[in-house]
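Novice: Compute the structure for the input listed below.
(chains A and B)
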2 protein chains.
Amino acid sequence: MSVMARVSPLSGFPEWTPADRIVEASVIASLREVFALHGFAEIETRAVEPVGRLAGDSDAAKEIYALSRLAAEEKADARLGLHFDLTVPFARYVEEFAPHLAFPFRRYQIQKVWRGERPQEGRYREFYQADIDVVGRDVLPAHLEAEVAIVMARALAALPIPRATMHINNRRLVEGFYRSVGVEDIPGALRSVDKLDKIGSGGVRTELAAKGVSETAQDAVLELAKIHSRDASFIAAIDDLWQTSFTNGDAQAEKLFADGVAELAALVNAVNAAVPGTAVADLRIARGLDYYTGAVYETVLEGHEDLGSICSGGRYDSLVAGGGFPGVGLSIGVSRLVSRVLTAGLASASRAVPSAVLVAVTDEDTRGDSNAVADALRARGVPAEVAPSAAKFGKQIQYAERRGIPFVWFPDAGEVKDIRSGSQVAADARNWEPPAEDRWPRIVRP
Amino acid sequence: MSVMARVSPLSGFPEWTPADRIVEASVIASLREVFALHGFAEIETRAVEPVGRLAGDSDAAKEIYALSRLAAEEKADARLGLHFDLTVPFARYVEEFAPHLAFPFRRYQIQKVWRGERPQEGRYREFYQADIDVVGRDVLPAHLEAEVAIVMARALAALPIPRATMHINNRRLVEGFYRSVGVEDIPGALRSVDKLDKIGSGGVRTELAAKGVSETAQDAVLELAKIHSRDASFIAAIDDLWQTSFTNGDAQAEKLFADGVAELAALVNAVNAAVPGTAVADLRIARGLDYYTGAVYETVLEGHEDLGSICSGGRYDSLVAGGGFPGVGLSIGVSRLVSRVLTAGLASASRAVPSAVLVAVTDEDTRGDSNAVADALRARGVPAEVAPSAAKFGKQIQYAERRGIPFVWFPDAGEVKDIRSGSQVAADARNWEPPAEDRWPRIVRP
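Specialist: Numbers count the residues shown, from 1 in each chain, chains lettered A, B, ... in the order given. Purely as a prediction, here's the structure:
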C-alpha cells in the first residue's frame, strides 16, 4: 500500500510518503549507530565540487550535473558540479582538513549524491549513499581491510533485509595473475571482467581480444573469475589454475600474486570469524575503478541479486593525487536498498505520524486543558498532539485512526482510550506511560 | 579553536571539522526531537524542482542554481534547478501526495537548500533549513498560528543559544490599516517597510512616494511600524494612531484591521502563556513574501541581532496556486545559527570522535582479544575502537588523548584507565559502564 502512495513524476528522483520516510530514517539511524559504536566520526561535505575534480574519472564525467546561476552575469559557477559519490569529496576534505585530523581517520558520511544518468535506465538520479572509510597517513595496517568489512556486515545485519553476502577479491592477486599470463592493459582487462554479468564470457573475450589479450590469457582470466569459496579453500583451485596456465616467469608479478592470495585468505577468514557466513573469496570481483590496490568488495542480497551490489568498495594506496593517504572504504547505496525494502514489503512503519497520543478537545474554551495534558506527556518523552478542532469525539477518534495514533486522551473524563482494543481507563498525564512499543513509530517486518 | 580548524575554500559552502559536525548534528537531532514530540511527521523532498516552479517568485529567481548534464546530448535537464527553500518543494509535495496525506498535515523537514547569491555578500550558498508547517484542507483553525510559534520557541529554547524573541505581526491588521489610510500597492508598501532596518525611514519614504503613497499615509505607515508590546497593550497605541490618522472610511478595510488586531493580541497572549517572555507584538514586521495572509513571524537572538531573523514564517491562505491548502509555518536557518554557535563559542563537542574507549593492543597476535573487548562494550552500547597498531602503550594512550577518548582498556591486565585522572581499575567488558556523561560526545556550553 505504501508503494502505491508514492508519486514520483520526476523520473529518477524518489520521494516517500511520511510513513515510508520513517522507514528510510530508521535505516539511516541504524547505520549511524553501528558506525558510531565502532568509533567512526561523522562528517558532511558540501554538495558541489569543481567540475575538474569530479570529471577526473572518465566514465563518471558524463553523469555530472553542472551548476549555473540562472540569471548570472559571470559564468564562474558553471565550473561547479554536484558530487556523484562521497569518495571524491572525502578525498578533497581529507586533503584540506589534514592538519586538523588525527590519523588513521575513521569517518562515516551519509548524504545524497546526484548522477545525471539517462532516465530510461530506470536508475536513480538522486540517492543517499552511506560510506565508511579509514584513511591513514602514509601507512594503513592490513587488518583494517577486515574491520571495515566487519562493520558494514554488522550494519547490514541490523537492517530489515535478508542475509547479505560480501564477495571479496584482491587486486594484487588479480594483477599478479594477469601480468603473469601476459595481460598488459590491467585496468582495461579489469573493466572488461567487471562486465561479466552484463555481457557474458563471450562479450568479455571480444573486449579482451580488442585490448590485445591472447586467447590463452583470455582462458586464464575467465577461469580465474570462476573460482570462489567461503574459506581459504580457493587457494587449492587457484594453485591448480596457476599450474595449468602459461605464466611468463615474471618474479615480481608472481610475488604480487602470492601476497594477494595470502591477504585474501586472511581477510575472508577474519571477516567470517567475526560475522560467520558473511564473506566469500570470489575471484570474479573486478570493480571498474582504477584506484583500488588491495581488497575489493561487492555485496549481494539473498533473493535480491537483481539489485546488483548493495555495498561496494576497496583498498586504495592513496585517496589524493599527491599520495600519502592510503585507505580502505565501503559504500552502501541506501536509497535503492530502502526502495526495495518498501516495494518488496520487507518492512513498514507502524504508523505515519510520531504521535502516540491524540488529546481530544471538548470545546474550544477548554483547549488549554488539552494542551496541558499534551505538554505533560511530552515532558516525559511521549509524543502527543492536540485535536485540531472540537469536533464530536467520534470524529476525533477517526482523526487518530486515520493516522494510526493508538491512544486518544479525554481531559474532561481524565481517561485514555486504546482505540485498537477500545479499552478506556482513568489516567494521569503526569505519570501515564504508553507500552514501550507504542511510544514511537516502529519498523514492522511482516 | 574549532573555528580555526575550518577550511572553506569555496566561499559560501561551509564545512565543519568532525568535532564541529557533532555540534551541528546535535542541533538537528534536538530540533527533530522537539518537532516529533509535538506530532510533526518528517518528510524529505528531492533537491530539484522545475525551474518554472522555482522562478515564480521574482526576487529569488536570480539566486537559482540551474542544472545541466555535463555531457548531455539533450538540454531537457537545463529546466531543473536546486530548491532555494523548503516551502516551494513542500507545496508541490502536498499537491502531489494530497490523496495520501491526512489533513491537517503537520510536517517537519530539515534539508539543505542552495542560493546562488553573490559571494561578496558573505552569505551561504548552501545551508540547512529546518521547517515546520501545518497545512489544512480548505480550513485551518487560528489556534495553529500559536501552536507553530510555541513549538519553534521550545525548539529554540532547547538549543545552546541565548534567549530568542519572536516578533509577530498580522497581515490583516497591516493590510486593513494601509488600505484605510489610502495605500493602494499593499505588497509594494510591505516590501519597502521590510527594508526599514537596511534603508531607514528616509529610504522607506522615498520608496513609498515612488509607489504613489501620500505623505500623510507615509506618516501613518511609519508610525504603525513603531508600535510594539509584549502583551495586548499595543492595542491602546494602535487605537490612538487610528484616531489621529486620516482614514478613508472603507468599512471592509476597517473590519480587516479590527480582526487583525484581535488575532494578533490573542496570538501573542497564547504564545506567552505557553512559553513566557517569547512573543512581542511588533507592527514593523512586514516579511517580503506576498503569500502571507495572517500572522507573520521573525525571531531575534539576544546579543546576536546582527544575524537578522533566525526563524521566520507566517500564515498563508493557500500553499498552492489552485487554492484549498491554507497553512502556517516557520523556518529556522540552521547553518547560520550553527556557524554562530561555533564562532561565538556558545557550544563545542566534548570530543571529536564517538569512541568512549580505546582498546589497546598488546601485540598483533592478540588483536583478537582486543576486538573481543571492544565487541563486548559495543554490545551494551558503549562506543569503542581498537588501537590501529600494537605500538608502545604510551603511544596508544597518546592516540586516545589526541582524539579526546577518555578511557583506554588494557585487555592483558583486564584494566581500564581514565586517562584524564590517570586512575586505572580492574574491569570486565561484559559489565563495565562509563559515566553516563562520557558514553557519547556531548555538547559543552562554556
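Novice: Which of the three states applies to the residue in the stretch 251-400 of chain A positioned nearest to chain B?
Specialist: Closest residue of the stretch 251-400 of chain A to chain B, C-beta to the nearest C-beta: A:E385 (3.0 Å). Where C-beta positions appear, they are placed from N, C-alpha and C, glycine not excepted. Secondary structure for A:E385, judged by DSSP: H, G, I helix; E, B strand; the rest coil, is strand.
Novice: now swap in A:R315 and tell me
Specialist: strand.
Novice: How about it, nearest residue that isn't a chain neighbour?
Specialist: The spatially closest residue to A:R315, leaving aside those adjacent along the chain, is A:G294, at 3.2 Å (C-beta to C-beta, 6 or more residues apart in numbering or on different chains).
Novice: What count of nearby residues applies to that neighbour?
Specialist: 23 (other C-beta atoms under 10 Å in any protein chain shown).
Novice: And A:R403, by the same measure?
Specialist: Using other C-beta under 10 Å, A:R403 has 23 neighbouring residues.
Novice: With A:R430 instead?
Specialist: Neighbours of A:R430 under the rule other C-beta under 10 Å: 10.
Novice: for A:E184, same thing?
Specialist: 12.
Novice: Please determine how far the residue lying closest to it once chain neighbours are set aside is located from A:Y178.
Specialist: Distance criterion C-beta to C-beta, 6+ apart; nearest residue to A:E184, sequence neighbours excluded, is A:G212 at 6.6 Å. As judged by C-beta to C-beta, to the nearest Å, A:G212 and A:Y178 stand 13 Å apart.
Novice: More neighbours: which of the two?
Specialist: A:Y178 (24 against 13).
Novice: In chain A, where's the longest helix?
Specialist: The longest helix of chain A (DSSP state H) is helix A:251-274.
Novice: residue boundaries of the strands in the stretch 201-350 of chain A?
Specialist: A:228-229, A:279-282, A:292-301, A:311-316, A:327-333, A:348-349 (DSSP state E, counting those that start in this stretch).
Novice: Tabulate those strands (a markdown table), appending mean pLDDT.
Specialist: Formatted as a markdown table, those follow (pLDDT from 0 to 100):
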| stretch | mean pLDDT |
| --- | --- |
| strand A:228-229 | 96 |
| strand A:279-282 | 97 |
| strand A:292-301 | 96 |
| strand A:311-316 | 96 |
| strand A:327-333 | 97 |
| strand A:348-349 | 97 |
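Novice: ok, which residues in the stretch 201-350 of chain A are in contact with chain B?
Specialist: A:273-274 (C-beta under 8 Å from any C-beta of the partner chain).
Novice: show me what contacts A:A356?
Specialist: A:382-384, A:405-407, A:434, A:438-440 (C-beta atoms under 8 Å, 6 or more residues apart in numbering or on different chains).
Novice: ok, now which ones touch the spatially most central residue of chain A?
Specialist: Centroid-nearest residue in chain A, with C-alpha atoms, centre = their mean: A:I332, separated by 1.8 Å. A:I332 makes contacts with A:31, A:129-131, A:152, A:155-156, A:310-311, as judged by C-beta under 8 Å, 6+ apart.
Novice: go again using 6 Å as the cut-off
Specialist: By C-beta atoms under 6 Å, 6 or more residues apart in numbering or on different chains, A:I332 lies in contact with A:130, A:311.
Novice: do A:A210 as well
Specialist: Counting by C-beta under 6 Å, 6+ apart, A:A210 touches no other residue.
Novice: next SSE after the worst-scoring helix or strand of chain A on mean pLDDT?
Specialist: None of the helices or strands of chain A scores lower by mean pLDDT, DSSP states H and E than helix A:58-61, at a mean of 62. On the C-terminal side of helix A:58-61, the closest following helix or strand by DSSP states H and E is strand A:65-69.
Novice: which residues are in contact with the very next helix or strand once past that next one?
Specialist: Next along the chain after strand A:65-69, taking DSSP H and E as the criterion, comes strand A:80-82. Contact with strand A:80-82 is made by A:47-48, A:51, A:54, A:64-67, A:114, as judged by C-beta under 6 Å, 6+ apart.
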